[in-house]
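Novice: Mind looking at a prediction? Sequence and model below.
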Amino acid sequence: MLLHFRCLHRSYQESAENTLATTVLLSEVICNGKCARLQTSIAGSYDTTTYHCVPNQICQSLELFDSCRELYFDRAVTACCCDNTNNCNVNDSSIIIPTPQPLVEFPIACYNGIFANGQAMGAVTLSVCNGQCASVQVSGTYNGQLQNATLYTCDPSSVCAALQMTNNCSSPEPGLTGCCCDTDTCINPYTGRSPGNPLYCFVGFYAAYNNYVVGASIKCDGMCASMATQYNGQLAKSYHCVPQPVCKTLELNNNCTTLTTDRDITACCCDGYNNCHVNETAVNTNSTIPANQGTPITCYNGIYVNNSPLVSPTVGACYGQCASITYSTTLSGQPNVLVIYSCDPTAVCDSLSLTNNCGTIDQTGFTSCCCNTNMCVSPGIVPSPGGLTSQLSLIASLLIPFLISVYQLVSQ
């Protein structure tokens with residue numbers, strides 16, 4: 001198995017004072033592909049080299065076999081691939097190779113590929129990453145034309161942390177921009193999604209009867225989702241931001257399907273663009289709630305049909321209120337009850353007069369609850385006016401995170 005050296009490296013060209021300055025951020029990891037590097041000049045005079053581990057398909061599509069070449073669409077950038085020796089992508093003898101770090105993180109899925117001026121150059125793959133999804137963009141001019149090349153890859157978390165780029169983007173130098181994030185496909189070259197360009201999802205309700213709408217758009221670290229059914233013969237729909245594992249379990253990736261356990265309900269998940277789950281013209285998604293306001297609480301996330309979990313439940317931070325929405329439907333004469341637990345904006349809960357309370361949402365047929373303390377709504381737990389729960393509910397709320405961990409461990 002080939003070892004691969006990874007760093008962000010900037011070196012200033014020699015100045016009139018005959019001095020040389022360098023900045024090196026590095027980590028060595030085990031690589032199942034090829035060692036690679038990108039070289040260019042930024043701001044007209046600063047030589048920059050970035051080091052990577054990339055899937056074999058990327059090097060093959062660029063016809064790079066232990067060699068280097070200028071990129072077709074951006075000849076100001078030179079790309080190299082190799083696998084003949086460990087750390088073969090390091091061409092600077094002054095760099096000290098660090099000890100490789102063990103793989104201690106849960107794997108996520110990340111895009112890998114090179115784009116020049118928005119066009120894919122060669123293969124683009126979706127691969128397992130034992131670190132963080134990352135992108136590195138270098139910008140410059142060639143023959144008087146502005147050019148940019150972006151590499152989408154997987155970076156060690158230590159490099160992202162050293163650059164203060166975990167779930168963030170920054171420009172350590174003019175013409176050089178990097179991003180890192182720690183969830184599946186959180187940097188997407190096709191949709192433009194990145195920590196610097198987050199996904200926004202409308203959270204709220206819609207009923208076709210009388211065009212009843214309530215809700216607002218929030219920053220979403222998962223996927224936009226919706227649940228739709230019929231109420232009094234007309235569309236009734238709720239909109240959500242849900243963790244990616246919920247959509248994965250339902251096999252929903254920018255598509256919709258009827259739930260196998262309750263075919264009277266259609267579920268959708270997407271992350272292609274902001275508010276991608278809203279296609280009703282009566283729903284105004286322009287009202288946006290600022291992200292991460294106040295102190296977060298812990299909320300239960302999951303979907304239950306007739307008291308049985310449809311997806312593996314999770315617990316996550318919420319900058320709003322814990323919430324539940326109950327759908328009561330009848331299919332082929334059989335009653336079905338679906339409950340989705342999530343995090344809702346406080347403004348939505350307040351507008352429905354549901355803070356620390358439960359009630360029926362007008363014109364929708366939905367029953368909803370909201371509350372503003374940790375784990376205050378979940379299976380068997382409902383909020384009470386004033387934010388209080390019964391002693392049994394309080395004990396259950398303390399046990400739920402442990403039970404979820406056991407459930408997920410047994411399910412593996």
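Specialist: Yes, it's here.
Novice: Please make it C-alpha for all contacts and neighbour counts, starting now.
Specialist: OK.
Novice: Where do the domain boundaries of the protein fall?
Specialist: 2-181, 199-411 (automatic domain parsing).
Novice: okay, those domains in CSV with mean neighbour count and mean pLDDT next?
Specialist: Shown next, in CSV, are the domains of the chain (neighbours: other C-alpha atoms under 10 Å; pLDDT from 0 to 100):
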stretch, mean neighbour count, mean pLDDT
domain 2-181, 18, 76
domain 199-411, 19, 81
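Novice: now those domains as CSV including distance to Asn188?
Specialist: Shown next, in CSV, are the domains of the chain (distance: least, C-alpha to C-alpha, whole Å):
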stretch, distance to Asn188
domain 2-181, 7
domain 199-411, 9
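Novice: between the ones you listed, which gets nearest to Pro189?
Specialist: domain 2-181 (7.6 Å; C-alpha to C-alpha).
Novice: how far does that closest one sit from the chain's center?
Specialist: 21 Å (C-alpha atoms, centre = their mean, to the nearest Å).
Novice: What segments of the stretch 1-150 of the chain are strands?
Specialist: 2-11, 22-31, 34-42, 46-54, 67-70, 78-82, 108-116, 119-120, 125-129, 132-142, 145-155 (DSSP state E, counting those that start in this stretch).
Novice: swap in the stretch 151-300 of the chain?
Specialist: With DSSP E, counting those that start in this stretch as the criterion, the stretch 151-300 of the chain has strands at 168-173, 176-181, 199-207, 212-220, 223-231, 234-242, 255-259, 262-270, 297-305.
Novice: Export these as a markdown table, with columns for distance to His277.
Specialist: A markdown table is the format used below for these (distance: least, C-alpha to C-alpha, whole Å):
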| stretch | distance to His277 |
| --- | --- |
| strand 168-173 | 25 |
| strand 176-181 | 23 |
| strand 199-207 | 8 |
| strand 212-220 | 11 |
| strand 223-231 | 6 |
| strand 234-242 | 7 |
| strand 255-259 | 9 |
| strand 262-270 | 6 |
| strand 297-305 | 18 |
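Novice: Spit out the contact partners of Asn253.
Specialist: Asn253 is in contact with Cys247, Cys269, Cys270, counting by C-alpha atoms under 8 Å, 6 or more residues apart in numbering.
Novice: Let's see that with 10 Å instead.
Specialist: For Asn253, the contacting residues are Met223, Gln244, Cys247, Cys268, Cys269, Cys270, Asp271, Gly272, by C-alpha atoms under 10 Å, 6 or more residues apart in numbering.
Novice: do you know which of the strands of the stretch 151-300 of the chain lies nearest Gln39?
Specialist: Ranking the strands of the stretch 151-300 of the chain by proximity to Gln39 (C-alpha to C-alpha) places strand 176-181 first, at 11.6 Å.
Novice: So Leu151 sits against Ala123, correct?
Specialist: No - contact criterion C-alpha atoms under 10 Å: Leu151 and Ala123 do not qualify, at 11.8 Å.
Novice: check contacts around the residue nearest to Ser61 when sequence neighbours are not counted.
Specialist: The spatial neighbour of Ser61 that comes closest, neighbours along the chain excluded (C-alpha to C-alpha, 6 or more residues apart in numbering), is Gly122 at 4.7 Å. Counting by C-alpha under 10 Å, 6+ apart, Gly122 touches Gln57, Ile58, Cys59, Gln60, Ser61, Leu62, Glu63, Gly113, Ile114, Phe115.
Novice: Give me the distance between the last one and Ser41.
Specialist: So that's Phe115. Separation of Phe115 from Ser41 (C-alpha to C-alpha, to the nearest Å): 17 Å.
Novice: For the residue most central in space within the chain, what are phi and psi?
Specialist: Closest residue to the average C-alpha location of the chain: Cys186 at 3.4 Å, with C-alpha atoms, centre = their mean. Torsion angles at Cys186 (phi, psi; degrees, to the nearest 10) stand at phi -70, psi -10.
Novice: Identify the bridge partners of the residue nearest to Asn356 when sequence neighbours are not counted.
Specialist: Spatially, and ignoring its direct neighbours in sequence, Asn356 is nearest to Cys371 (4.0 Å; C-alpha to C-alpha, 6+ apart). Beta-bridge pairing of Cys371 under DSSP bridges involves Cys322.
Novice: show me what contacts the residue nearest to the centre of the chain?
Specialist: 108-111, 132-134, 167, 180, 192-195, 198-199, 221-222, 271.
Novice: rewinding a little: what about the residue nearest to Asn356, distance to Asp47?
Specialist: Remark: distance between Cys371 and Asp47 (C-alpha to C-alpha) = 54 Å.
Novice: give me every residue that touches the residue nearest to Ser351 when sequence neighbours are not counted.
Specialist: Nearest residue to Ser351 in three dimensions, chain neighbours excluded: Val214, at 7.8 Å (C-alpha to C-alpha, 6+ apart). Going by C-alpha under 10 Å, 6+ apart, Val214 touches 202-207, 238, 283-284, 347-349, 351-352, 361.
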